[in-house]
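Student: Here is a sequence together with a model predicted from it:
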Amino acid sequence: MAMRTKTLSWSNVRHAPVVRRSAQQLQGVLLYAILIAGALFFLFPLVWMVGTSLKTIDEVGRSQLHLLPEVAQWVNYEKVLEDSNFWRSYINSIFIVTLVLFGTITSVSFVAFSFSRLEWKGRGMVFALMMSTLMLPYQATLVPQYVIFHKLEWIRTFNPITLPGFFAGGASLIFLLRQFMLGIPKELDEAAMIDGANPFQIYWHIIMPLSRPAVATITVFLFVGQWNNLMMPLIYLQKPALYTMPIYVAQKLNLQEVPLPWQDVMAASVLFVIPVLVVFMLTQRYFIEGITTTGSKG
Amino acid sequence: MEEQARLFNLQYAMYTIVFIAVSSLALGYLARIMARLRGFSQAEQRKVFWGFMFAGPWIVGFLIFVLGPALASLYYSFTNYQIGDKIEWAGLDNYRTLLLNEGRQGRNFNKAMLNSFYYAIIGVPLQIGAALGMAMLLNNEMRGIRIFRMIFYMPVILAGGPAILLAWRYMLASNGGFVNESLQKFADTFVVFDYIYRGFIYLMEAFNGFYIGITTGDPLGPISFTIAGAAGLLLIGLLALGEWTEGKRTMAWRSAQIIGIVIVYRLMAKGLMADPVDPAWIYFLGIVVLASTMSMAWQRQPRIKLVQGAGLVILLAAVVGVLSHTDYDATSVEARRYFIPAALVAVPMLGSWVGRWNTQKYRVLGGCLAVLSLILFVRLASGQLDGHHLNVVTHYLTFGSTLEHTDDLNYLDKVYPANQMSSLWFFGLTVAVMLGMALLNETYPRARRWLSYGALAFFALFTIGSYLDGRTYFQAFEKIAEAAGKPVYHFAMFRQATSEFPVAGRVPLWMNSELWSKPSLILITMWSSGTGMLIFLAALKNVPRSMYEAAEVDGANTLQRFFKITLPLISPAMFYNLVIGLIAALQTFENVYILQTPLTVDSLQSAAFLLYSRTFSELHIGEGAAMSWILVVIIVTLTILQFRFSRSWVHYEA
């Protein structure tokens, strides 16, 4: 065995530079080919969505192998943009997301601060309790929550969708932020404490400014989750005037219509997806690089 | 209209903020007072005050939106609450309907649950595989890799919303849809791909047809026993042949645990919930308690007293509960059926509970276990326990001669469903054999041998018998189903095997067929498995490069490096993805909501979707709550099990 490896390594040493380099080059090219194929697979539905949204109804009926229309039909977009329901849903969605983001980020950062920067008896227990709620599926509490809101006569209002977030909704978000805050040096708080700062001041002047990347990350998660959320609005809004964008898009597809006006559905879908994509593009380096460099320990 | 709603909302947002601030402050003071009463120092008290006040929003929210509702829903699940109606106590009715699959609702729930399991058992591994593959690809430092990471991750942010799901649904159109068109182009160009493609269609349709047969509750008949028997045969064969090792003992123990959990679930559903209560489940509970006590004693686990105590309490409570059904007449025949097994468990348990543990007690416990199993087996064999006097075990051991086969509908509809309890005894026997093999070796190695050979013979006879019987059964069933014009999906497996290979040009029907709807959904979840990818990527970053180099020097090839270095080192990430993925899969909802059509709703709907439609479309709050709690129990059980089993394969050292 020892002999064999010896001879092998000897022959390798002789040709190593040439063989290695060309093998590596080949590997690199192959890797790129696979990556590009993968990227096409992942991007494809999006490209295809845009293509379809610009087709005429006749083109929609033809083979889908023709990705792009002969002439871009911007009319499809005009039709959606002229729809008053569209604007109403859009504004409703923006309103809800803004309020939820404000309430949730504020309260989540408070709680994460408490779980990471403050030391108090019972912290471990409360934290464990919070983590265990991750195991509880939200369907279990959905019904009684509905009953509560029903009793409060909050059905057909925005309250059931926006207000629960104010109570630091989302254990996973708290966990994420807490993990980040744990990494901030302890000396900063102690120095401030000696200077006579109270926890509020430490929270506001020291911890929050330093936690900006993590706050950005949970903002994106929250934004995407809320923007796409279909179930809660469906359950609680129950009135076309209050509908949000996901409901609008889902209802755009009326199965009774023949042929199905896919180009209109896709135009609405593209307009729906744009904000999410923009936010994602602007912030992705925070969390993709953030997660991949800090790791997921804990 | 909507402006008003927004103003209303803003107004309440203000109130909410004030409420949270006040209640957090109050919580802080309350905590401080508690701390003072418990004699904490001044500094400690202050810390407790600030800590609780900052955590206040979550604690208050937890009480209002999680704990309160959870308890309320638990209560609702025992009522027949419908919005607008008076609440009436219904006891176990909802659970009985759902778990025993009674009526249309129960059958629907069964179907939905099986669909959810499909997403979990078939979807999650595929998703994790895709995520790992993507992460391995992206774990290279090369130009533009950041852009690729972004693109690979992007589907995640889109997949949560309805827009992209609609796009997928259209792309998967069976006629002229992009996916089918391009695959067909490929197939027309490359002959080899054409055959692979058709083979894929063939296998998918066969498998999904079979699965739909199971979910729609077409009687599976003896085939279920044949499969179980063959599995038992294989397992015992593996254990019985060759030398007995520590690994085999663990394997026997593990399989007994797994089958035991299945049994406990089915007992909960069938035995305990049957009206009147079936006493047989005491036997199994007793066997489980005795066996786990013995095993814990053997492994010298410190919590043994706790298990013994809990076992006693459960057993006593069970006996009292069951006796209340016989009007506390301790001399009746009914009561005796409960007393004997209860005494056989409770007495040795009590004896072993008092004082120190020793070998003598171990033997007494083992003896009781053996007697209990023996009684169970005798009753099982004589068909006494389930009261149907039609026992699959004796039936198959005699190659089906205890029943006369007819083409009569009664034979198909009544005999096999009635014997569902019998299948439980069969599984119980498997557990007994496994446990026996695991435990007997300690004291009587020879007995273990004989037990294995006996079990092997038993399972062989059983498998052959049920297979022979199954053939007759299927022939009769097919005749009846054909006459009724019903599709025989459960039979698709055998049909496909004898029918022709798909002709050239056949396409998958995706969202237009119940054979393809679930695979379509899984395809979409695989497309958006970027979250798992990020977790794997983070884990892969932490694998030291020097390890690979060292392995390369030692002559390990790529595959070996992957299995010996990469996989063990990223096992925590794998575990995390598995736990999260399974929870998510069992809660599948949004995809189903958007992708379902009247044609595919049955084959797509998950338990969460059914729970939603039952509660919010049909307003059956009680039943919806019961569904959600069944789901909770399943999810929590699976999560705990995963944590338990993780000890053997997850490595936490860096």
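Tutor: Sure thing, it's come through.

Student: switch to C-alpha atoms for all contacts and neighbour counts from now on
Tutor: Fine.

Student: Identify the residues contacting the residue of the stretch 101-250 of chain B found nearest chain A.
Tutor: Shortest the stretch 101-250 of chain B-to-chain A distance, computed as Cα to the nearest Cα: residue-wise this is residue B:161, at 4.2 Å. Contact partners of residue B:161, counting by Cα atoms under 8 Å, 6 or more residues apart in numbering or on different chains, are A:227, A:228, A:229, A:230, A:246.

Student: Output the contacting helices and strands for the helix ranked longest in chain B.
Tutor: Scanning chain B for the helix with the most residues, using DSSP state H, yields helix B:445-484. Other elements packing on helix B:445-484 under the criterion 3 or more Cα pairs under 8 Å, 6 or more residues apart in numbering or on different chains; DSSP states H and E are helix B:223-240, helix B:392-397, helix B:420-443.

Student: lowest-confidence stretch among those?
Tutor: When mean pLDDT is averaged over each of the helices and strands packed on helix B:445-484, helix B:392-397 scores lowest at a mean of 65.

Student: Just give me the neighbour total for residue A:138.
Tutor: The burial metric for residue A:138, expressed as a neighbour count using other Cα atoms under 10 Å in any protein chain shown, is 16.

Student: Next one: it from residue B:531, what distance?
Tutor: Residue A:138 sits 20 Å away from residue B:531, taking Cα to Cα, to the nearest Å as the criterion.

Student: My read is that residue B:111 contacts residue B:215, right?
Tutor: Yes - judged on Cα atoms under 8 Å, residue B:111 makes contact with residue B:215 at a distance of 4.8 Å.

Student: near chain B, which residues of the stretch 51-200 of chain A?
Tutor: Neighbours of chain B within the stretch 51-200 of chain A, by Cα under 8 Å from any Cα of the partner chain: A:62-65, A:92, A:95, A:107-108, A:110-115, A:118-121, A:123, A:135-137, A:139-145, A:157-159, A:163-164, A:166-169, A:199.

Student: Apart from its chain neighbours, what residue comes closest to residue B:195?
Tutor: Here the nearest residue to residue B:195 in space, its sequence neighbours aside, is residue B:187; by Cα to Cα, 6 or more residues apart in numbering or on different chains that works out to 8.0 Å.

Student: circling back: so what's the backbone phi/psi at the residue of the stretch 101-250 of chain B closest to chain A?
Tutor: phi -100, psi 170 (degrees, to the nearest 10).

Student: what's the answer for residue B:89, then?
Tutor: Note on residue B:89: its backbone torsions stand at phi -70, psi 130 [degrees, to the nearest 10].

Student: Can you give me the neighbour number for it?
Tutor: 15.

Student: Tell me the bridge partners for it.
Tutor: In this structure, residue B:89 has beta-bridge partners residue B:79, where bridges are defined by DSSP bridges.

Student: mind checking how far it is from residue B:224?
Tutor: Taking Cα to Cα as the criterion, residue B:89 is separated from residue B:224 by 37 Å.

Student: cool, and residue B:29?
Tutor: As for residue B:29, its distance to residue B:224 is 62 Å (criterion: Cα to Cα).

Student: Kindly report the same for residue B:566.
Tutor: Summarising the geometry, the distance separating residue B:566 from residue B:224, computed by Cα to Cα, is 39 Å.

Student: The two - which one has more neighbours?
Tutor: For residue B:566 versus residue B:224, neighbours defined as other Cα under 10 Å are more numerous around residue B:566 (19 against 15).

Student: shouldn't the more buried one be in contact with residue B:545?
Tutor: No - when contacts are counted by Cα under 8 Å, residue B:566 is not listed as touching residue B:545 (10.5 Å).

Student: Please look at residue A:108 and residue A:173 and confirm they touch.
Tutor: Yes - with contacts counted by Cα under 8 Å, residue A:108 reaches residue A:173, the gap being 7.2 Å.

Student: higher neighbour count, the two?
Tutor: Summary of the neighbour comparison: residue A:108 and residue A:173, criterion other Cα under 10 Å, with residue A:108 having more neighbours (29 against 23).

Student: Just give me how far the host helix or strand of the more buried one sits from the chain centre.
Tutor: For residue A:108, the enclosing helix or strand under DSSP states H and E is helix A:84-116. Average the C-alpha atoms of helix A:84-116, do the same for its chain, and the two points are 13 Å apart (Cα atoms, centre = their mean, to the nearest Å).

Student: Quick check: mean pLDDT of it?
Tutor: In this model, helix A:84-116 has a mean pLDDT of 93.

Student: Buried residues of it, list them for me.
Tutor: For helix A:84-116, burial by neighbour count (16 or more other Cα atoms under 10 Å in any protein chain shown) applies to A:85-86, A:88-97, A:99-101, A:103-116.

Student: ok, now stretch B:186-200?
Tutor: Residues of stretch B:186-200 classed as buried under the neighbour-count rule (16+ other Cα under 10 Å) are B:187, B:194, B:195, B:197, B:198.

Student: Just give the closest residue to the last one, not the sequence neighbours.
Tutor: Counting by Cα to Cα, 6+ apart, residue B:502 is the residue found nearest to residue B:198 once chain neighbours are left out, at 5.9 Å.

Student: Please report how far that neighbour lies from residue B:199.
Tutor: Distance of residue B:502 to residue B:199, given as Cα to Cα: 8 Å.

Student: Backbone dihedrals for residue B:78, please?
Tutor: Geometry field for residue B:78 lists phi and psi as phi -100, psi 10, criterion degrees, to the nearest 10.

Student: out of everything not next to it in sequence, what's closest to it?
Tutor: Nearest non-adjacent residue to residue B:78, counting by Cα to Cα, 6+ apart: residue B:91, 5.0 Å away.
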